[in-house]
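Engineer: Structure, please.
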Amino acid sequence: MLKTIAALVVLALALPAWAQKKPCEELKAEIEAKLKSKGVEKYTLDIVPADAAKDAKVVGSCDGGAKRIVYKRG
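Structural biologist: Residues are numbered from 1 along each chain as shown. As a prediction, this is how the structure comes out:
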């Protein structure tokens, strides 16, 4: 019982961090760094509204889910 209560307290304290909106430019920079570290070249990353990313390859979500980062080769 005590372990359960402790786990719930930890989760409750972490909840604000989960709910924060990550800025799109920050997430895009992180994704670009990962792609470059893997040797990926000739690509584009675009920030688009969430509903405009239907057929694109989504590699990230930002601004609280309002926008997506889409990847295109070439």
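Engineer: Residue ranges in the chain under the pLDDT threshold?
Structural biologist: Along the chain, the parts satisfying pLDDT under 70 run over 1-20.
Engineer: all helices of it, in order?
Structural biologist: With DSSP state H as the criterion, the chain has helices at 2-19, 24-37.
Engineer: For the shortest one, list the C-alpha coordinates in PDB.
Structural biologist: Taking only C-alpha atoms (Å, rounded to 0.1, in the frame of the first residue of the first chain), the coordinates of helix 24-37 have been written out as PDB:
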ATOM      1  CA  CYS A  24       8.300  22.900 -32.400                       C
ATOM      2  CA  GLU A  25      11.700  24.500 -33.300                       C
ATOM      3  CA  GLU A  26      13.300  22.800 -30.300                       C
ATOM      4  CA  LEU A  27      11.900  19.400 -31.200                       C
ATOM      5  CA  LYS A  28      12.800  19.900 -34.900                       C
ATOM      6  CA  ALA A  29      16.400  20.700 -33.900                       C
ATOM      7  CA  GLU A  30      16.600  17.500 -31.700                       C
ATOM      8  CA  ILE A  31      15.300  15.400 -34.600                       C
ATOM      9  CA  GLU A  32      17.700  17.000 -37.000                       C
ATOM     10  CA  ALA A  33      20.600  16.200 -34.700                       C
ATOM     11  CA  LYS A  34      19.500  12.500 -34.500                       C
ATOM     12  CA  LEU A  35      19.300  12.200 -38.200                       C
ATOM     13  CA  LYS A  36      22.700  13.800 -38.700                       C
ATOM     14  CA  SER A  37      24.200  11.500 -36.100                       C
END
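Engineer: show me what contacts the closest residue to Ser61 other than its chain neighbours?
Structural biologist: Excluding its sequence neighbours, the residue lying closest to Ser61 (CB to CB, 6 or more residues apart in numbering) is Arg68, at 5.6 Å. (Each C-beta comes from the backbone N, C-alpha and C, glycine too.) Each residue near Arg68 by CB atoms under 8 Å, 6 or more residues apart in numbering is listed here: Ile47, Val48, Pro49, Ala50, Ala52, Ala53, Ala56, Val58, Gly60, Ser61, Cys62.
Engineer: And Arg68, how close does it get to Tyr43?
Structural biologist: The spacing between Arg68 and Tyr43, counted by CB to CB, to the nearest Å, is 16 Å.
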